[in-house]
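> Could you look at this predicted model? Sequence included:
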Amino acid sequence: MSDRWYSKAVIYCLDVDTYVDSDGDGVGDFRGLIGRLDYLARLGVTCLWLHPIHPSPGRDDGYDVSDFYNVDPRYGTLGDFAELLHQARNRGIRVIIDLVVNHTSDQHPWFQSARSSPDSAYRDWYLWSDQAPPDRKQGMVFPGEQQETWTYDRTAKAWYYHRFYRFQPDLNVANPHVRAEIKKIMSFWLQLGVSGFRIDAAPFIIERTEPGNPDSPKDFEFLTELRQHVQWRRADAVLLAEANVEPEQLTDYFGDIGGSSNRLHMLFDFMLNGRLMLALARGNPEPIIEALRDTPALPSGASWATFLRNHDEIDLSRLTAEQRNEVYEQFGPDEEMRLYGRGIRRRLAPMLGNDRRRLELAYSLQFSLRGTPVLRYGEEIGMGEDLSLPGREAIRTPMQWSYLPNGGFSAADPKQLVRPVISDEEYGYEKVNVTAQRHDRGSLLAWFERMIRTLREAPEVGAGSCTHVDVLCPPGVLVHRADDGAGSMVFLHNLGTERVTVDLSSLAADADFPNDVFADREYEPVGKLDALELDGHGYRWIRLRRDPAGG
């Protein structure tokens, strides 16, 4: 198996229920997804990340799990899921799934037993308090939608803890039986053939919650246990997690103080994401340069996962209030576009005014920077959002495949769909769909395919070093480079609107026969790197050298 395959992957994330419906019931399913694996392979996807697939009451889009050992019957059976893994593997695509073990649904048999009696074997699987904790109005993940983090249960005659919604009671990870069960859950899905997990809410999973203490300690050793367990079960499995925490805490999620990478393999780069949005809003690369400079060095074997849009809101909480307002002004000017006082619930195409040049620039930036790129379904064709839907559902609308009714997502009556398909003049399926773009060589979809093919031919990107090239540049221009044993590349991105010329002759000594491998248009040959033209919102990927023996 490929060593550290995840550092050179292209990850595509989707919700099964909004991707393809094969049986006409209005809900996407595994069979429908199997039928689109060739599309994903052609796009260049090497890893598929599925959002929660387990049975659930559906009060939090599947993140309220009621059975960790099965799949939502609307999506199919375990047999269908096993067939999906088989067919994906045949196309060179790995599959990872969400691991949501910070909490369960309040309908889960564990919680129902726990609340029924103090003597229940599952009582200590959750967190209880006989008195109302003084911090119960603090620490809400969804401010404005949550009123508290401790709720009184009349049956249990005690208060239970829930970092998220009240219908999602937190598991007590300090309990060794809970830890063993989580490892058992992971073993089950690894045995079926998944290549790893995206761990939801990692900071809260390792929180040793103490009633009345809003700053309860964290047990990072549990991450070490999970890594060890996973490696024994499947050596090439990956643990990818979200931990939107302070920069000085990030390295603790990757490894212990000895510098070993013995915990998580990957983290989403929230720090870079916020800075990318600020840079795009300003038309100035300085925030990106700051992120590259200030992010702590990772231990060997660890990697970042980069993203522009994911399945949640754009989280701007790591920016200052002033910076956040700058991003709001450009990309979320209306209150209905914002969420939880910290983010934007929009897709990238409408945020950037459906400007093709700005879209290409943004994704060229993401895919050429450090780490593994993660692409949200529908972004490759420039889908929009539906702000009439509540909360995060605005960006979780059905995939738009064709001109057919419901965008080719489902043959069901529109009233039966899991969510309505977007149907407006600019972003509706009648205009934005895969079929239309498949027949257009100049489409955004065709551009993504070319860009990802180029990325696959550049092994130093993501896996190698990523450094800002500190040369005198015109305003708005970012220059960075990637280096490893395979070779070296330099990237130019103009976040401004004016055409410029950039002098990179200082890099000539590192170059053999420098040449453009990907750009927004055909430019004059790079020559001596001393007069590189770059259009407004333009980009150039230039190979400096290639070592055939290096990769």
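Sure thing, it's come through.
> give me the number of residues near Ser22?
Ser22 is flanked by 19 other residues according to other C-beta atoms under 10 Å. Every C-beta, even on glycine, is put in place using the N, C-alpha and C of the backbone.
> Dig out what the nearest residue to Glu313 once chain neighbours are set aside forms beta bridges with.
Leaving out its chain neighbours, the residue that sits closest to Glu313 by C-beta to C-beta, 6 or more residues apart in numbering is Gly343, at 3.3 Å. Residues in a beta bridge with Gly343, per DSSP bridges, are Asp315, Leu339.
> just Leu48 next, same as before
Taking DSSP bridges as the rule, Leu48 bridges to Tyr12, Val95.
> Correct me if wrong: it contacts Arg89.
No - at 10.7 Å, Leu48 does not count as touching Arg89 under the criterion of C-beta atoms under 8 Å.
> ok, the residue nearest to Glu313 - contacts?
Applying C-beta atoms under 8 Å, 6 or more residues apart in numbering, we find Gly343 in contact with Asp312, Glu313, Ile314, Asp315, Leu316, Ser317.
> Check those for burial and list the buried ones.
By neighbour count, with 16 or more other C-beta atoms under 10 Å, the contacts of Gly343 hold Glu313, Ile314, Asp315, Leu316 as buried.
> Quick check, the first one in contact with Arg347.
No - with contact taken as C-beta under 8 Å, Glu313 and Arg347 are classed as non-touching, separated by 11.1 Å.
> quick one on the thing from earlier: right, and out of the contacts of Gly343, which lies closest to Tyr539?
Closest approach to Tyr539 among those (C-beta to C-beta): Ile314, at 21.6 Å.
> how close does that closest one get to Pro390?
Between Ile314 and Pro390 the distance is 17 Å, computed by C-beta to C-beta, to the nearest Å.
> Spell out which residues make up each domain of this structure.
Per automatic domain parsing, the domain ranges recorded for the chain read 5-104+197-205+239-453, 109-161, 465-546.
> Please work out which of those is packed deepest.
Mean neighbour count, computed with mean count of other C-beta atoms under 10 Å, is highest for domain 5-104+197-205+239-453 among the domains of the chain, reaching a mean of 19.
> and it, average pLDDT?
The pLDDT scores in domain 5-104+197-205+239-453 average 96.
> For that domain, what is the distance to the chain centroid?
Its chain's C-alpha centre and that of domain 5-104+197-205+239-453 lie 5 Å apart, by C-alpha atoms, centre = their mean, to the nearest Å.
> That one spans what distance, first to last residue?
Domain 5-104+197-205+239-453 has an end-to-end distance of 16 Å (criterion: C-alpha to C-alpha, to the nearest Å).
> who does whichever strand or helix holds His229 touch, helix- and strand-wise?
Here His229 is covered by helix 221-233, with elements defined by DSSP states H and E. In terms of contacts (3 or more C-beta pairs under 8 Å, 6 or more residues apart in numbering; DSSP states H and E), helix 221-233 is packed against helix 176-192, strand 238-241.
> Turn these into a markdown table, including distance to Gly24.
Formatted as a markdown table, the helices and strands packed on helix 221-233 follow (distance: least, C-beta to C-beta, whole Å):
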| stretch | distance to Gly24 |
| --- | --- |
| helix 176-192 | 27 |
| strand 238-241 | 34 |
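> deepest of these, which one?
Of all the helices and strands packed on helix 221-233, strand 238-241 carries the top mean neighbour count, a mean of 24, counting by mean count of other C-beta under 10 Å.
> Convert that strand to PDB, retaining C-alpha atoms only.
Extracted C-alpha coordinates of strand 238-241, given in PDB (Å, rounded to 0.1, in the frame of the first residue of the first chain):
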ATOM      1  CA  VAL A 238      -6.200   7.400   8.400                       C
ATOM      2  CA  LEU A 239      -7.600   9.600  11.200                       C
ATOM      3  CA  LEU A 240      -8.700  13.000   9.900                       C
ATOM      4  CA  ALA A 241     -10.300  15.300  12.500                       C
END
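> Residues in contact with the helix or strand just after that strand: which ones?
Going down the chain from strand 238-241, the next helix or strand is helix 247-254, by DSSP H and E. Where contact means C-beta under 8 Å, 6+ apart, the residues beyond helix 247-254 that reach it are 202, 218, 220, 223, 241, 243, 245, 261, 263-264, 267, 271, 294-299, 302.
> Which ones among those residues lie within helices?
Using DSSP state H, the subset of the contacts of helix 247-254 located in helices is Ala202, Leu223, Met271, Asp294.
> With the flanking residues excluded, which residue is spatially nearest to the first one?
The reference is to Ala202. Nearest residue to Ala202, sequence neighbours excluded (C-beta to C-beta, 6+ apart): Ala241, at 3.9 Å.
> got the contact list for the one you found?
Applying C-beta under 8 Å, 6+ apart, we find Ala241 in contact with Arg198, Ile199, Asp200, Ala202, Tyr253, Leu264, Met266, Leu267, Phe268.
> bridging residues for the last one?
Judged by DSSP bridges, the bridge partners of Phe268 are Ala305.
> OK, contacts around Trp96?
That one is not Trp; residue 96 is Ile. Shown in contact with Ile96 (C-beta under 8 Å, 6+ apart): Ile11, Cys47, Leu48, Trp49, Leu50, Val194, Ser195, Gly196, Phe197, Arg198, Val238, Leu240.
> isn't Tyr69 right next to Phe188, touching?
Yes - contact criterion C-beta under 8 Å: Tyr69 and Phe188 qualify, at 5.9 Å.
> so where do the strands sit in the stretch 401-550 of the chain?
With DSSP state E, counting those that start in this stretch applied, the stretch 401-550 of the chain shows strands at 465-468, 477-484, 487-494, 500-502, 515-519, 532-534, 539-546, listed in chain order.
> Noted, bye for now.
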